[in-house]
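S.K.: Build me a structure from this.
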Amino acid sequence: MNPQGKIYIGQSSDLSRRLSQHNDPNYRGTLHTKRHAGPWQLVHQEQFQTRREAMGRERELKSSRGRDWMRRKLERGC
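M.R.: Okay, here's the model as predicted:
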(Lines give C-alpha, C1' and ligand atoms only; values in the text may rest on other atoms or scores of the structure.)
Protein backbone atom coordinates (compact mmCIF):
# COMPACT_ATOMS: atom_id res chain seq x y z
CA MET A 1 0.00 0.00 0.00
CA ASN A 2 1.21 3.51 -0.66
CA PRO A 3 0.48 6.78 1.23
CA GLN A 4 -2.45 7.55 -1.11
CA GLY A 5 -4.10 4.22 -0.21
CA LYS A 6 -3.36 2.45 -3.49
CA ILE A 7 -2.98 -1.31 -3.25
CA TYR A 8 -0.55 -3.33 -5.31
CA ILE A 9 -1.12 -7.07 -5.45
CA GLY A 10 1.61 -9.38 -6.70
CA GLN A 11 3.58 -12.51 -6.00
CA SER A 12 7.30 -13.10 -5.64
CA SER A 13 9.72 -15.76 -4.47
CA ASP A 14 11.86 -13.01 -2.86
CA LEU A 15 9.59 -10.55 -1.09
CA SER A 16 12.24 -8.22 0.33
CA ARG A 17 13.94 -7.86 -3.07
CA ARG A 18 10.60 -7.16 -4.76
CA LEU A 19 9.58 -4.53 -2.22
CA SER A 20 12.97 -2.84 -2.66
CA GLN A 21 12.43 -2.76 -6.42
CA HIS A 22 9.03 -1.12 -5.99
CA ASN A 23 10.52 1.55 -3.74
CA ASP A 24 13.63 2.18 -5.89
CA PRO A 25 12.96 5.26 -8.08
CA ASN A 26 15.58 4.07 -10.59
CA TYR A 27 14.11 0.59 -11.09
CA ARG A 28 11.96 0.52 -14.22
CA GLY A 29 10.60 -3.04 -14.07
CA THR A 30 7.37 -2.15 -12.26
CA LEU A 31 4.93 0.12 -14.07
CA HIS A 32 2.13 0.21 -11.48
CA THR A 33 4.34 1.30 -8.61
CA LYS A 34 6.11 3.88 -10.78
CA ARG A 35 2.80 5.42 -11.88
CA HIS A 36 1.69 5.73 -8.26
CA ALA A 37 4.08 7.35 -5.82
CA GLY A 38 5.48 5.43 -2.88
CA PRO A 39 6.87 4.56 -0.56
CA TRP A 40 5.16 1.19 -0.75
CA GLN A 41 4.79 -0.89 2.36
CA LEU A 42 3.88 -4.52 2.83
CA VAL A 43 0.49 -4.87 4.50
CA HIS A 44 -0.38 -8.51 3.83
CA GLN A 45 1.44 -11.67 2.80
CA GLU A 46 0.58 -15.32 2.31
CA GLN A 47 2.86 -18.28 1.60
CA PHE A 48 2.17 -21.09 -0.84
CA GLN A 49 3.95 -24.32 -1.68
CA THR A 50 3.95 -23.72 -5.44
CA ARG A 51 4.08 -20.73 -7.76
CA ARG A 52 0.90 -22.00 -9.38
CA GLU A 53 -0.96 -21.72 -6.07
CA ALA A 54 0.48 -18.23 -5.49
CA MET A 55 -0.57 -17.08 -8.95
CA GLY A 56 -4.08 -18.44 -8.39
CA ARG A 57 -4.38 -16.51 -5.13
CA GLU A 58 -3.01 -13.38 -6.82
CA ARG A 59 -5.71 -13.71 -9.46
CA GLU A 60 -8.36 -14.03 -6.72
CA LEU A 61 -7.10 -10.96 -4.88
CA LYS A 62 -7.03 -8.90 -8.07
CA SER A 63 -10.73 -9.57 -8.68
CA SER A 64 -13.23 -7.01 -7.40
CA ARG A 65 -14.27 -9.44 -4.65
CA GLY A 66 -10.65 -9.95 -3.63
CA ARG A 67 -9.91 -6.22 -3.55
CA ASP A 68 -13.02 -5.67 -1.43
CA TRP A 69 -11.80 -8.38 0.97
CA MET A 70 -8.38 -6.71 1.18
CA ARG A 71 -9.88 -3.24 1.81
CA ARG A 72 -12.11 -4.58 4.60
CA LYS A 73 -9.13 -6.36 6.16
CA LEU A 74 -7.08 -3.15 6.06
CA GLU A 75 -9.91 -1.08 7.51
CA ARG A 76 -10.08 -3.45 10.49
CA GLY A 77 -6.37 -2.89 11.03
CA CYS A 78 -5.26 -6.44 10.19
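S.K.: going forward, measure contacts and count neighbours with C-alpha atoms only.
M.R.: Will do.
S.K.: my read: residue 1 touches residue 36, true?
M.R.: No. Taking contacts as CA atoms under 8 Å, residue 1 lies outside contact range of residue 36: 10.2 Å.
S.K.: thinking residue 34 is in contact with residue 26, fair?
M.R.: No. Contact status for residue 34 versus residue 26: not in contact, 9.5 Å apart, counting by CA under 8 Å.
S.K.: Neighbour count: those two, which is higher?
M.R.: residue 34 (16 against 9; other CA atoms under 10 Å).
S.K.: Could you check how far residue 32 is from residue 8?
M.R.: 8 Å (CA to CA, to the nearest Å).
S.K.: more neighbours, those two?
M.R.: More crowded of residue 32 and residue 8, by other CA under 10 Å: residue 8, with 17 against 13.
S.K.: Would you enumerate the residues in contact with the closest residue to that one other than its chain neighbours?
M.R.: In space, and not counting its chain neighbours, residue 8 is closest to residue 1: 6.3 Å by CA to CA, 6 or more residues apart in numbering. Neighbouring residues of residue 1 by CA atoms under 8 Å, 6 or more residues apart in numbering: 7-8, 40-43.
S.K.: now do residue 37
M.R.: 2-3.
S.K.: most centrally placed residue in this structure?
M.R.: residue 9 (3.1 Å; CA atoms, centre = their mean).
S.K.: In this structure that residue contacts residue 59, no?
M.R.: No. Assessed by CA under 8 Å, residue 9 is found out of contact with residue 59, at 9.0 Å.
S.K.: what ranges do the helices span in the chain?
M.R.: 15-23, 31-35, 51-62, 64-75 (DSSP state H).
S.K.: starting at the chain centroid, how far to the first one?
M.R.: Centre-to-centre, helix 15-23 and its host chain are 10 Å apart (CA atoms, centre = their mean, to the nearest Å).
S.K.: looking just at contacts, which helices and strands does that helix meet?
M.R.: In this structure, helix 15-23 packs against helix 31-35, with contacts taken as 3 or more CA pairs under 8 Å, 6 or more residues apart in numbering; DSSP states H and E.
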